[in-house]
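Peer 1: Need coordinates for the following:
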Amino acid sequence: MSQEDVERARAGYEYLNRVGEPNRELLDPQITFDAIGLPGFGSYRSLDAFLTDWLAYRDTFDEWRIELEELVEGRGGRVFVSTRDGGRVKGSDREVFQRAFHVQEFRAGKVVRFRLFLDRSKALEAAGLRE
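Peer 2: From the prediction side, this is the model:
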């Protein structure tokens, strides 16, 4: 794992905010997503399977964004990311946000596994880190 993977992860979130969908060029075609800790999500074996549920979530907002709070190089090609995502709920002036923690595993410059956690300690452990 290198600082380059941290920068790739950062670029992926910037693209997501700009375009509204993940940058497929940064993702391995056989990527796995594990979001079982988040209500309404599960474990996915492809980007397209994950996108079906994620786009339904994103589309509950008139204005959605993800904010990066922390990106840390982990062990074994992993990057720990602390995020806050949300925005203005459709049809209202109300904004809601949630904090989540991501662990991205890179191989040959591509994300091969993406894990989502609501518990920071568990995410740090999955990235091979400690508080």
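
Peer 1: Ignoring the adjacent residues along the chain, who's closest to residue 116?
Peer 2: Of all residues not flanking residue 116 in the chain, residue 35 sits nearest, at 4.2 Å (Cβ to Cβ, 6 or more residues apart in numbering). Using the backbone N, CA and C atoms, a C-beta is placed for each residue, glycine as well.

Peer 1: Show the pLDDT at that neighbour.
Peer 2: Here the pLDDT value assigned to residue 35 is 91.

Peer 1: For it, which residues are in contact?
Peer 2: By Cβ atoms under 8 Å, 6 or more residues apart in numbering, the residues touching residue 35 are 41-44, 50, 53, 115-116.

Peer 1: cool, and residue 101?
Peer 2: Shown in contact with residue 101 (Cβ under 8 Å, 6+ apart): 80-83, 116-120, 122-124.

Peer 1: got the residues you listed as TSV, with neighbour count columns?
Peer 2: Below are those laid out as TSV (neighbours: other Cβ atoms under 10 Å):
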residue	neighbour count
80	25
81	25
82	17
83	18
116	18
117	22
118	13
119	12
120	15
122	14
123	22
124	19
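
Peer 1: Just the ones of the residues you listed in strands?
Peer 2: Residues of the contacts of residue 101 located in strands (DSSP state E): 80-83, 116-117.
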